[in-house]
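Enquirer: next comes the sequence, and after it the predicted model I'd like to discuss.
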Amino acid sequence: MKTSLKYLTFCFYLYLLLGCTNKEIASSKASNDLIHETSPYLLQHAYNPVNWKAWNPETLALAKKENKLIVISVGYSACHWCHVMEEESFENDSIANVMNANFINIKVDREERPDVDKVYMNAVQLMTGSGGWPLNVIALPDGRPIFGGTYFTKKQWEKVLINISNLYEEEPERAIKFAENLTKGIQESQLIKLNKEVPSFENKEVSSAIEVWKTQIDTTYGGFKGAPKFPMPNSLEFLLRYSHQFNDKSIEGYLNNTLTKIAYGGIYDHIGGGFSRYATDQKWHIPHFEKMLYDNAQLVSLYAKAYLKTKNELYKNVVFETLNFVKEELTTKNGAFYSSLDADSKNKLGVKEEGAFYEWEVNELEVLLGNDFELFKEFYNINAYGAWEKDSYVLIRNQSKVVFSKEQKITLATLNDKVSKWKKVLKEARSKRSKPNLDDKVLTSWNALMIQGYIDAYKAFGTKEYLDIALKNASFLVKNQLRKEGGLNRNFKNGKSTINAYAEDYATVIHAFISLYEVTLDEKWLTSSKKLTAYLFVNFFDKKNGMFHFTSKEDENLIARKYEVVDGVISSSNAIIANSLFKLGHYYADKNYLNISEQMLNNLKEDVKKNPANYSNWLNLMTNFTKPFYEVVVAGNAAATVNKRLINKYYPNILIAGTHKENNTLPLLAYKFNEDETFIYVCVNGTCKRPETSFKKAIANIKK
């Protein structure tokens with residue numbers, strides 16, 4: 001099937017990109033149907049001459065009624081190349097004429113509708129071997145794709161449109177045949193079979209997987225080999241755990257080098273804090289400048305955990321500055337978090353340009369910094385190493401403050417004072433520039449990731465404000481995104497909660513609420529996690545293979561119902577769910593949860609071992625089964641105080657339960673409370689060692 005599909009794709013590309021005739025059609029109205037939407041990305045296209053419509057049953061029905069091909073164009077608000085293609089093609093009257101005459105044109109915000117994005121991204125990956133955004137697909141009136149790609153120039157896109165249209169009019173059976181093969185490929189590409197072998201996991205399997213992983217890593221600059229470079233926080237978070245429990249010094253060194261290089265690089269905003277989505281080069285220097293909530297949330301978690309293990313002050317500063325960025329730029333008054341900041345902003349000439357908000361010119365820096373410019377120049381590499389384009393620079397470090405201060409013959413305290421001053425001066429100057437656009441929609445899953453980031457920062461640094469912010473956002477989700485029947489909605493915009501949530505939303509909220517319980521010992525968060533898990537089983541669970549669909553059974557049918565199992569920049573929904581089922585199984589002594597968690601991992605065992613970098617959170621779960629895993633129970637009047645000490649340690653192989661009163665509702669807490677003493681129990685599968693009142697003696701029972 002793969003061979004025939006590639007051959008068909010090759011034929012299509014040859015056919016589409018050769019020859020072109022043009023059909024002149026009258027321009028469309030000034031605004032299109034997207035004017036009624038709330039998504040910032042869709043609204044950006046509301047005044048295109050293309051007669052865009054939103055993805056909904058009415059639009060799909062119209063395509064069938066008129067027997068028109070569908071253009072499905074997927075992107076997101078902060079996407080630079082989405083803006084480029086809009087300017088070149090979708091704002092062009094002649095292109096719009098062709099699209100409006102021959103197609104039903106649908107714009108999709110991938111962040112609102114990841115279900116649609118996943119299906120058609122899969123199609124493009126099968127056709128071309130790669131994917132990305134903007135994602136542009138042409139489909140039959142019933143939604144089955146026949147052509148797809150990412151960014152097209154105006155000339156390329158016009159050829160594609162005209163030739164596809166001619167093909168469907170003159171040889172419809174050819175287009176239908178290709179659609180049948182491609183749809184079959186989409187449906188078969190991620191089928192997951194039930195592994196009927198008895199689950200068995202060993203330490204050597206984890207170690208062997210890491211040896212495979214080591215062949216892909218960049219030991220010089222960190223991250224993976226080559227460019228572009230994505231931080232991949234969940235992968236690095238697992239490697240942090242692996243280096244700790246398996247005592248792998250080479251991975252520990254690689255990880256510290258990676259985290260340092262990312263923090264030194266231009267991908268990190270040295271003036272305002274926070275991270276861009278990825279770097280275009282191997283040394284983490286020049287980013288695609290969009291700042292996404294999900295990246296910053298997960299990187300906060302990663303650097304906070306790395307600080308717990310290493311006490312590296314660089315990591316602490318990164319967490320503090322990034323959370324300050326989130327507070328200033330992405331936080332609403334009601335405690336919710338916005339989605340992203342655009343890559344583009346207006347330059348000095350008033351023209352939108354990628355990175356304009358973040359770049360610096362020498363003469364500007366000289367004026368702003370005065371006598372300090374020469375020192376600043378050396379510290380942030382205003383030289384060939386830090387050059388970007390058109391005589392502009394993106395700040396990047398390549399030395400620690402200790403080494404730099406010694407070379408410059410100044411004290412570390414003096415350097416810290418100067419760096420603080422420089423950041424303040426440049427931040428003030430930058431605030432007068434045209435700011436990148438804000439995508440102000442609120443997504444449930446990304447907010448849950450940010451809750452987790454604040455929790456991990458609270459655990460590392462004990463800053464009460466961080467816990468308060470996490471609790472405020474969790475309360476926002478419960479109040480606004482939790483539906484009466486127990487399900488969740490995905491999107492919140494303009495005071496309205498919309499879009500039936502996906503497995504990703506349930507997975508991340510369940511995980512965050514379990515973590516909230518562990519730091520607050522407030523059982524309502526654990527209870528909420530269990531209720532949401534029950535809802536998942538009713539609406540998402542596939543009994544045939546023990547996995548969870550990405551979409552609810554209540555959702556409209558797409559051409560395929562997908563499972564999300566590969567860990568990308570965000571861990572897959574199934575991996576997060578499986579890890580949470582492992583914890584909930586221990587909390588509630590629920591063997592069914594534990595067995596399903598184990599079966600999910602067993603289904604993917606061979607994939608995990610062969611391609612570990614893409615299954616990092618599954619490796620995390622495998623390590624739970626192969627290494628010691630403990631339930632740590634704190635019971636007594638001083639439970640909260642003791643727990644603060646416990647969460648301030650790096651223990652990747654424990655879960656925490658606790659109570660300051662008699663509690664027999666949770667199996668782990670039953671009959672453990674004592675009014676006179678606060679006891680710490682270290683347990684394995686519900687069997688506990690002798691309770692200790694000494695914190696030091698208790699934690700001595702926690703082995704790697």
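Expert: Yep, it's here. Since the structure is predicted, the reported quantities are computational estimates derived from the model, not experimental observations.
Enquirer: so L584 touches I596, yeah?
Expert: No. L584 lies out of contact with I596 (CB atoms under 8 Å); the separation is 10.4 Å. Quick note: C-beta positions are derived from backbone N, CA and C, even for glycine.
Enquirer: which stretches in the stretch 551-700 of the chain count as helices?
Expert: Per DSSP state H, counting those that start in this stretch, the stretch 551-700 of the chain carries helices over the ranges 573-587, 591-603, 605-610, 616-626, 639-647, 695-699.
Enquirer: so can I have JSON lines of the ones you listed showing distance to F90 and mean pLDDT?
Expert: Listed next are these as JSON lines, based on distance: least, CB to CB, whole Å; pLDDT from 0 to 100:
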{"stretch": "helix 573-587", "distance to F90": "32", "mean pLDDT": "98"}
{"stretch": "helix 591-603", "distance to F90": "42", "mean pLDDT": "98"}
{"stretch": "helix 605-610", "distance to F90": "38", "mean pLDDT": "96"}
{"stretch": "helix 616-626", "distance to F90": "37", "mean pLDDT": "98"}
{"stretch": "helix 639-647", "distance to F90": "50", "mean pLDDT": "97"}
{"stretch": "helix 695-699", "distance to F90": "59", "mean pLDDT": "96"}
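Enquirer: so where's the stretch 401-550 of the chain uncertain?
Expert: Scanning the stretch 401-550 of the chain for pLDDT under 70 picks out nothing.
Enquirer: picking that back up, R113 is nearest to which of the helices of the stretch 551-700 of the chain?
Expert: Minimum separation from R113 across those (CB to CB) falls at helix 573-587, 15.1 Å.
Enquirer: now do the closest one against helix 616-626, angle only.
Expert: On the basis of axes from the mean of the first three to the mean of the last three CA atoms, to 10 degrees, helix 573-587 is oriented at 30 degrees to helix 616-626.
Enquirer: from memory H80 sits against T280, does it?
Expert: No. With contact defined as CB under 8 Å, H80 does not reach T280; the gap is 10.8 Å.
Enquirer: between those two, which is the more surrounded one?
Expert: Legend: neighbour count by other CB atoms under 10 Å for H80 and T280, higher for H80 (20 against 15).
Enquirer: by mean pLDDT, point me to the weakest helix or strand of the chain.
Expert: Using mean pLDDT, DSSP states H and E, the weakest-scoring helix or strand in the chain turns out to be helix 2-16, at a mean of 43.
Enquirer: for whichever helix or strand comes after that helix, packing partners?
Expert: Heading C-terminal from helix 2-16, the first helix or strand you meet, by DSSP states H and E, is helix 40-44. Judged by 3 or more CB pairs under 8 Å, 6 or more residues apart in numbering; DSSP states H and E, helix 40-44 is in contact with strand 103-109, strand 438-439.
Enquirer: export the first one to PDB, keeping only CA atoms.
Expert: The one in question is strand 103-109. Taking C-alpha atoms only, strand 103-109 is exported to PDB below (Å, rounded to 0.1, in the frame of the first residue of the first chain):
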ATOM      1  CA  PHE A 103     -14.000  25.000  -3.700                       C
ATOM      2  CA  ILE A 104     -15.700  25.200  -0.300                       C
ATOM      3  CA  ASN A 105     -12.900  26.800   1.700                       C
ATOM      4  CA  ILE A 106     -12.500  25.900   5.300                       C
ATOM      5  CA  LYS A 107     -10.100  27.600   7.800                       C
ATOM      6  CA  VAL A 108      -9.200  25.600  10.900                       C
ATOM      7  CA  ASP A 109      -7.500  26.800  14.100                       C
END
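Enquirer: by how many degrees do the helix or strand just after it and strand 103-109 diverge?
Expert: Following strand 103-109 in sequence order, the next helix or strand is helix 114-128 (DSSP H and E). Angle of helix 114-128 versus strand 103-109, following the same axes, to 10 degrees, is 120 degrees.
Enquirer: identify, out of the helices and strands packed on helix 40-44, the most deeply packed stretch.
Expert: Highest mean neighbour count of the helices and strands packed on helix 40-44: strand 103-109, a mean of 25 (counted as mean count of other CB atoms under 10 Å).
Enquirer: can you list the strands that it pairs with?
Expert: For strand 103-109, the paired strands and their directions (DSSP bridges) are strand 52-54 (parallel), strand 69-75 (parallel).
Enquirer: wait, is P141 part of a strand?
Expert: No. Counting by DSSP: H, G, I helix; E, B strand; the rest coil, P141 is not found in a strand; it is coil.
Enquirer: how many residues are close by it?
Expert: 18.
Enquirer: apart from its neighbours in sequence, what residue is nearest it?
Expert: A63 (4.4 Å; CB to CB, 6 or more residues apart in numbering).
Enquirer: please tell me how far the one you found sits from A179.
Expert: 13 Å (CB to CB, to the nearest Å).
Enquirer: E112 now?
Expert: Computed as CB to CB, the E112 to A179 distance reads 26 Å.
Enquirer: have a look at these two and say which one is more surrounded.
Expert: Neighbours per residue (other CB under 10 Å) separate E112 from A179, with E112 holding more: 25 against 20.
Enquirer: among the strands paired with strand 103-109, which is the most enclosed?
Expert: With neighbours taken as mean count of other CB under 10 Å, these reach their highest mean count in strand 69-75, at a mean of 25.
Enquirer: once you drop chain neighbours, what's closest to the residue nearest the centre of the chain?
Expert: By CA atoms, centre = their mean, the mean C-alpha position of the chain lies nearest to I570, the distance being 3.6 Å. Once flanking residues are discounted, I570 sits nearest to Y294: 5.8 Å by CB to CB, 6+ apart.
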